[in-house]
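> Fold the stuff below for me.
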Amino acid sequence: MTTALIDSGRGGGPHGTRAAGGPRALLTEVLAVTGRRLRHLRRAPGRVVGVALSPLVSMVMLGYLFRDAIQLPAGGSYGEYVFAGGAVQVALACVGPTAVSVALDLKGGLVDRFRSLPISRSSVLLGHTLADLLVGLLGLAVVTGAGLLLGWRSRTGLLPTLAAFGLIALFVYVMLWLGVLLATTLRNVETISVVTPFIVVVLPFLSNAFLAPESMPGPIRPLAEWNPVSAVIAACRDLWGNPAAAGGSFPTEHPLTVVAVTLGALFTACAVVSLRRYRTPGS
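Next up, the predicted model:
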C-alpha cells in the first residue's frame, strides 16, 4: 500500500508526458526535495526553538514549579511523570509550522512548478515531511536535555529507552502528515494559525500528559483515556519506567495496541487524502 501511495502520480510537462521511474528515481527525488527544504530551514534556526518552546514551558511550569503541589493518584515523582507529556508535545508542536509551510508553497505557486516537472508528485511531500522530521528530532533533543537538567531519568535499560524515543519520532512523523492534510485542505494560512494552537495546547490537557485521567471530571476522563496522545505517552512511561497513570481501562493497560491502531489509521488517512488533494491541481 505504501508503494502504491508513493509511486503513483508523476508530474509532466505541458503535454502531460510522464517520466519513467522506480524506487531509485523516487529516492533521488525525495532526497533532492529534502535537501532543498533543509537548506531553507538552515536559514530559519528559530524553527527549532518554536517547536521546543511550548513543551519546555509546560515542563518548567508544571514539572518543576508545581512538582510538590501536584500529587499523582498512583504515587511517584511528578517531575518524571510530566516529562513524557512534554516530549510528546513536541510532535504536536510540529503540526502548525509544517501546515503553514506547505500552505505557503501551495499559495505561492511553488507546487505548480513542481507539478510541471517529470518527478513523482509524492516525492515533494515526502521530502518536505522528512526535512521537518529532522527539525522535530532536534526539538525533541532540546526538550530531553532540559528534562535531564530538571531531574528526569529513564529507569530501564538502553534498548527500552531508545524504543520510547523511536516511538515519539514515529508520532512526530504522523503529526507532520496531519499538518500536510491541514494545509492541503484549508490552504489558508490565517485559518491554519487559528486551528493549530488547539492541537498544541488543548490536546495535551485532554490527555494524561500532565494530569492522571482518574483525577479528571467524569465526562472528560474517557476522552483523556482514549486520546491517542495518552496512548503514546503511557507507552513511553512504561518503556522508561517512569510513574504512570493508574486505572483499569483498555488504553491504560494496552497502550501499544492503541498506538498501533490509532497511529496506523491516522497516518493512512492523512497520507491518502493529502496525496490525492496534492495531485489534483486547484483542489
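> what's downstream of the helix or strand where Arg47 lies, the next helix or strand?
Taking DSSP states H and E as the definition, Arg47 sits inside helix 46-58. Scanning forward in sequence from helix 46-58 by DSSP H and E, the next helix or strand is helix 78-93.
> tell me which strands and helices that following helix is in contact with?
helix 46-58, helix 121-149, helix 158-186, helix 203-205, helix 228-240 (3 or more C-beta pairs under 8 Å, 6 or more residues apart in numbering; DSSP states H and E). C-beta coordinates here come from the backbone N, C-alpha and C atoms, glycine included.
> Where does the prediction get shaky in the stretch 51-200 of the chain?
Applying pLDDT under 70 to the stretch 51-200 of the chain flags the ranges 73, 108-119, 121.
> what does the helix holding Arg47 rub up against?
Helix 46-58 is contacted from outside by 41, 82, 85-87, 89-90, 93-94, 97, 135-136, 138-140, 142-143, 146, 200-201, 204, 209-210, using C-beta atoms under 8 Å, 6 or more residues apart in numbering.
> out of the helices and strands packed on helix 78-93, nearest to Ala271?
Across the helices and strands packed on helix 78-93, Ala271 has its closest neighbour in helix 158-186 (5.5 Å, C-beta to C-beta).
> angle of the next helix or strand after that closest one against helix 46-58?
Later in the chain than helix 158-186, the nearest helix or strand by DSSP H and E is helix 189-197. Orientation check (axes from the mean of the first three to the mean of the last three C-alpha atoms, to 10 degrees): helix 189-197 against helix 46-58 gives 30 degrees.
> Can you name every helix or strand that helix 189-197 contacts?
Counting contacts by 3+ C-beta pairs under 8 Å, 6+ apart, helix 189-197 is packed against helix 95-108, helix 158-186.
> before we move on, back to that, what angle separates the helix holding Arg47 from helix 121-149?
Orientation of helix 46-58 against helix 121-149 (the same axes, to 10 degrees) gives an angle of 40 degrees.
> Please identify the buried residues of helix 46-58?
Under the neighbour-count criterion of 16 or more other C-beta atoms under 10 Å, helix 46-58 has Arg47, Val48, Val51, Ala52, Leu53, Ser54, Pro55, Leu56, Ser58 buried.
> Off-centre distance for it?
14 Å (C-alpha atoms, centre = their mean, to the nearest Å).
> show me the residues around Leu106 that make contact.
Contacts for Leu106 (C-beta under 8 Å, 6+ apart) come out as Ala183, Thr184, Arg187.
> what about the closest residue to Pro243 other than its chain neighbours, neighbour count?
With sequence-adjacent residues excluded and distances taken as C-beta to C-beta, 6 or more residues apart in numbering, Pro243 is closest to Gly76, at 2.7 Å. The number of residues packed near Gly76 is 14, by other C-beta atoms under 10 Å.
> Ok, the one 3 residues further on next?
For Gly79, the tally of surrounding residues (other C-beta under 10 Å) stands at 22.
> Return the alpha-carbon coordinates of stretch 29-47 using PDB.
Output of stretch 29-47 as PDB, limited to C-alpha atoms (Å, rounded to 0.1, in the frame of the first residue of the first chain):
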ATOM      1  CA  GLU A  29      13.800  12.900  -6.000                       C
ATOM      2  CA  VAL A  30      12.900  12.700  -2.300                       C
ATOM      3  CA  LEU A  31      16.500  13.400  -1.200                       C
ATOM      4  CA  ALA A  32      16.600  16.400  -3.600                       C
ATOM      5  CA  VAL A  33      13.400  17.900  -2.100                       C
ATOM      6  CA  THR A  34      14.600  17.100   1.400                       C
ATOM      7  CA  GLY A  35      17.900  18.900   0.700                       C
ATOM      8  CA  ARG A  36      16.100  21.900  -0.600                       C
ATOM      9  CA  ARG A  37      13.900  22.000   2.400                       C
ATOM     10  CA  LEU A  38      16.800  21.600   4.800                       C
ATOM     11  CA  ARG A  39      18.700  24.500   3.200                       C
ATOM     12  CA  HIS A  40      15.600  26.700   3.700                       C
ATOM     13  CA  LEU A  41      15.300  25.600   7.300                       C
ATOM     14  CA  ARG A  42      19.000  26.300   7.900                       C
ATOM     15  CA  ARG A  43      18.300  30.000   7.300                       C
ATOM     16  CA  ALA A  44      15.500  29.800   9.900                       C
ATOM     17  CA  PRO A  45      17.000  28.300  13.100                       C
ATOM     18  CA  GLY A  46      14.200  29.800  15.100                       C
ATOM     19  CA  ARG A  47      12.000  26.900  13.800                       C
END
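> Since that was my last question, I'll sign off now.
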